[in-house]
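[1] Take this sequence and fold it.
(one chain, ligands or ions: 1)
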Amino acid sequence: MSGALPADLGDALRQLAATPRLLVALDFDGTLAPEVDVPDEARALPEAHEAVLALLALPETDVAFISGRAMQSLQHVSRLPETAFLVGSHGVEVHTDGRTELDLDESELARRAALETALQAIADSLEGVWIETKPAGFALHTRLAGDAETAEAEARALAETDPEANGLTVRRGKNVLEFSVRSTTKGEAVERLRAQTGATAVLFAGDDVTDEDGFAVLRDGDLGLKSGQGETVASHRVAGPHDVAAALRALAENRAGASPSRL
Ligand SMILES: O=P(O)(O)OC[C@H]1O[C@H](O[C@H]2O[C@H](CO)[C@@H](O)[C@H](O)[C@H]2O)[C@H](O)[C@@H](O)[C@@H]1O
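    Coordinates of the predicted model:
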């Protein structure tokens, strides 16, 4: 765990806390939850989960999780009340009024089926490589594979699926290469939620390459918080999930106008 938050981040959180209507939009893996080998076993740090619940309980404050995970997986690991917004599959799946909308057309279904055949054959032939099923595509996981198997899996996947010819979106993440028949981004999800909630300012936090789409749509008065290393356009950076949790707690405390002991 790290120490106190940087002074400029503390100032920015205080300023953000005063906005009339706040949207807190959060990536999950690597931002709230430390990485683990089995995606289903990932959980937000307890202090991150508590800070999210504290924000959710505040008036004029909305909380959204915007994740690369399939909606079902996000619901399983996030353990949030219905008052939170959930967006899965990098913006492709949106959960509203108790149901998740996603109707793939015939072409998308056919391309998804071909994708599964190609990626499953690659996973079956390489030690430590496996595919995660998502409604609009598949994630090729290499966290448990060696460097040679990872390189071969990714090269074959890109060559054999021919993303350009087949209208596939490819997203690179941490030890994962994702293929989807839909191309929505986390940036589009942030903008949709901004409009839907009437937010006057947004905090977006994320750790991975695909989160850069979320940072890119932030405006003056918003706050982008990068978790961990890597290039970013976010205005602020912290070391990882422990510090993200500390930032969220500080935001909740500032917005509640309460002393830490009252939250
Ligand atoms: O957008 P996120 O919420 O950050 O989700 C991104 C991907 O997260 C999951 O994979 C990553 O986390 C796993 C658990 O720590 C880890 O085993 C894997 O190596 C990481 O890539 C999830 O499985 C993917 O579907 C998400 O797209």
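[2] Number of residues surrounding the residue lying closest to residue 201 once chain neighbours are set aside?
    Of all residues not flanking residue 201 in the chain, residue 19 sits nearest, at 3.8 Å (Cβ to Cβ, 6 or more residues apart in numbering). The way it works is simple: take the backbone N, C-alpha and C, and place the C-beta from them, glycine included. By the criterion of other Cβ atoms under 10 Å, residue 19 has 19 neighbours.
[3] Over to residue 15?
    Neighbour number of residue 15 under other Cβ under 10 Å is 13.
[4] again, but for the one 5 residues further on
    Residue crowding around residue 20 was assessed by other Cβ under 10 Å; the count is 9.
[5] Same question for the one 4 residues further on.
    By other Cβ under 10 Å, the residues close to residue 24 number 27.
[6] again, but for residue 72
    Residues near residue 72, counting by other Cβ under 10 Å: 13.
[7] With residue 195 instead?
    Look at residue 195: counted by other Cβ under 10 Å, it has 9 neighbours.
[8] For the host helix or strand of it, the averaged confidence score.
    Secondary structure from DSSP states H and E places residue 195 in helix 186-197. For helix 186-197, the mean per-residue pLDDT is 97.
[9] Who are the packing partners of the following helix or strand past that helix?
    Using DSSP H and E, the helix or strand that follows helix 186-197 in sequence is strand 201-206. Strand 201-206 sits against strand 22-26, helix 186-197, helix 212-216, strand 223-227, helix 241-256, with contacts defined as 3 or more Cβ pairs under 8 Å, 6 or more residues apart in numbering; DSSP states H and E.
[10] hmm, strand 201-206 touching the ligand?
    No: contact of strand 201-206 with the ligand (Cβ under 6 Å from any ligand atom) is absent, the minimum separation being 7.0 Å.
[11] Okay, now the sheet partners of that strand, with direction.
    Here strand 201-206 is paired, per DSSP bridges, with strand 22-26 (parallel), strand 223-227 (parallel).
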